[in-house]
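Peer 1: need a structure here:
(one chain, ligands or ions: 1)
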Amino acid sequence: MAVLVTGGAGYIGSHMVLALRDRDEQVVVLDNLSTGFREALAPGAILIEGDVGDRALVLALIKKHGIEAIIHFAAKIVVPDSVADPLGYYLNNTVKTREMIAAAVEGGVGQMIFSSTAAVYGNPQATPVAEDAALMPLSPYGTSKMMSEMMLRDAAFAHPLRYVVLRYFNVAGADPGGRSGQSTPNATHLIKVAVQTALGMRPSMQVFGDDYATPDGTCVRDYIHVSDLIGAHAAALAHLRHGGASDVFNCGYGHGYSVLEVIDAVKRLSGVDFKVDMAPPRAGDPASIIADAARIRHKLAWMPEHNSLDTIVRSALAWERQLLNRQS
Ligand code: UFG
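Peer 2: Got it, this is the predicted structure:
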C-alpha cells in the first residue's frame, strides 16, 4: 500500500515526503514541477511528472501503485496573485481538485488529507479563530480552498471516503536536518523575504500596511514551523488509518506576531540591520489571524516541537544560507 502525495516536490510537500520515507512508507509523488524541484524529493520516493487535474493519470497511478491514501498539497498559494488572477486560481485549486477527488472515488481510495488554509476565515470576528467559525474568505485563494473543502465534504458523504482537512496558518521554517526548505526563487512570504533581505539577496523589503487595528498597526499572523505542520499530517494519517471520522483542524500555535516583530527577529538573529520601507496595504490581507488549535491537540494528540518564532527564523536563515552556498 502506498501514499500518493500531490505537490510532493514543493515546499511543504517535500517535507511530508521526507517524513514518510523516514518511516519507510511507499510514496508516489505527483508534481508538475511548476514550483517544485526534482532535487527536493526524498530518496526512494517515485516521482511522476504530471498534473493533478489529469483524472486518467491519477486513476492510473492509484491502480498501479495500490494507493491507500492521498495527501493533496498541489496548489497555487499566493494571496495577491489570486486577486489578480481569480479564474486561474479556481481552475488550478478548485477544478483540478475536483478531478483529483473524482479519480480517488473511482479508484476506491478511502482516505484523503487536504491542505486548506486560514484564509478561508477572512477577517475572523473572534480571534483565536476555531474551526466552526463562519467561512468568509477575502481572496479568491481562500475561496478556492473553501470550495474544495465543500466538495470533499459532499463527496465523502456520498462515497466511501474519509478525509481530514488541515487549515494551515502561516507556514515557515525548514527541515531541522537541512534536507529541505522554501526554495521558490521569487517567494512572497514574509519570513522568506526578510531572510533574503538579511542575506543581501534583496536591497530592501517592504511592510504592507501599518495602519491596521493591531497593536503596532502591522498585520498579525500565527507562524507555524513546517516540521510541526508535517507532524499534524502524520497524526491525521494515523487517525484515518485507524478508522477515524472525517474532520477539519486548524494548524497553528495559538499566538501571533506582527510583521514588525517578525522583521525584528530576523534582524536580531541574522545580525543584519537591513532596510525596511513602509508601503500601502496589500489586497486581500486580513489584519489579524490566530488559530484556536485546541481541536487538533485534543483529538489528534498533536504536540508541536518547534513552537518558537526564533526557531522558525533560525531554520529559515540556515536554509537560505545553504541555497546561497549552492549557487556560489
Ligand atoms: N508582508 C509584508 N512584506 C512582505 C511580505 C509579506 O509586509 O514582503 C506581510 C503581508 O502583508 C502579511 C504578512 O506579511 O500581512 C504575511 O504575509 P505572507 O505573504 O507571508 O502570508 P499571508 O498571510 O498572505 O498568506 C499565508 C499563506 C496562505 C495562508 C495564509 C493564512 O500564503 O496560504 O498565510 O493566514 F492562507
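Peer 1: residue numbers of the chain in contact with the ligand?
Peer 2: 77, 79, 117-119, 169-170, 188-190, 193, 205-208, 219, 221, 259, 282, 285, 289 (CB under 6 Å from any ligand atom). Yep, even glycine has a C-beta here, placed from its N, CA and C like the rest.
Peer 1: from the residues you listed, which ones fall inside strands?
Peer 2: The strands, defined by DSSP state E, take in 117, 170, 205-208, 221, 289 from those.
Peer 1: go through these and name the one nearest residue 151.
Peer 2: Nearest to residue 151 among these, counting by CB to CB, is residue 117 at 15.3 Å.
Peer 1: for the closest one, give me its contacts.
Peer 2: Residue 117 makes contact with 77, 141-142, 145, 167-168 under the criterion CB atoms under 8 Å, 6 or more residues apart in numbering.
Peer 1: same thing but at 6 Å, please
Peer 2: Contact analysis of residue 117 by CB atoms under 6 Å, 6 or more residues apart in numbering lists 145, 167-168.
Peer 1: cool, and residue 287?
Peer 2: Listed by CB under 6 Å, 6+ apart, the contact partners of residue 287 are 212-214, 219.
Peer 1: ok, of these, which come out buried?
Peer 2: Buried members of those, counted by 16 or more other CB atoms under 10 Å: 212, 214, 219.
Peer 1: list just the nearest of these to the ligand.
Peer 2: Relative to the ligand, the closest of the buried ones among the contacts of residue 287 is residue 219; by CB to the nearest ligand atom it sits at 3.0 Å.
Peer 1: how far away is that closest one from residue 290?
Peer 2: Taken as CB to CB, to the nearest Å, the spacing of residue 219 relative to residue 290 amounts to 11 Å.
Peer 1: where do the helices sit along this protein?
Peer 2: Using DSSP state H, the helices of the chain run over residues 11-22, 55-65, 79-84, 86-89, 96-107, 140-158, 190-198, 226-241, 259-270, 294-299, 309-327.
Peer 1: how many residues are close by the nearest residue to residue 274 once chain neighbours are set aside?
Peer 2: Sequence neighbours aside, residue 197 is the residue nearest to residue 274 in space, at 4.6 Å (criterion: CB to CB, 6 or more residues apart in numbering). By other CB atoms under 10 Å, the residues close to residue 197 number 22.
Peer 1: ok, now residue 150?
Peer 2: Neighbour count for residue 150, taken as other CB under 10 Å: 12.
Peer 1: quick check, pLDDT for it.
Peer 2: Here, the pLDDT recorded for residue 150 equals 98.
Peer 1: going forward, begin numbering at 142 instead of 1
Peer 2: Taking 142 as the first residue, the last one we looked at is residue 291.
Peer 1: tell me the most packed of the contacts of residue 258, by neighbour count.
Peer 2: Greatest neighbour count in the contacts of residue 258, by other CB under 10 Å, goes to residue 286: 30 neighbours.
Peer 1: touching, that one and residue 257? I think so.
Peer 2: Yes - the criterion here is CB atoms under 6 Å, and residue 286 meets it with residue 257 at 4.8 Å.
Peer 1: for this protein, what helix or strand is lowest in average pLDDT?
Peer 2: Ranked by mean pLDDT, DSSP states H and E, the helix or strand of the chain with the weakest confidence is helix 220-225, at a mean of 91.
Peer 1: so where's the stretch 192-341 of the chain shaky on pLDDT?
Peer 2: Along the stretch 192-341 of the chain, the model assigns pLDDT under 70 to no residue.
Peer 1: what about 90?
Peer 2: Filtered on pLDDT under 90, the stretch 192-341 of the chain yields the residue ranges 219-221, 264, 266-268, 325-328.
Peer 1: what subset of the residues of the chain next to the ligand is buried?
Peer 2: Using 16+ other CB under 10 Å as the burial test, these include 218, 220, 258-260, 310-311, 330-331, 334, 346-349, 360, 362, 400, 426, 430 as buried.
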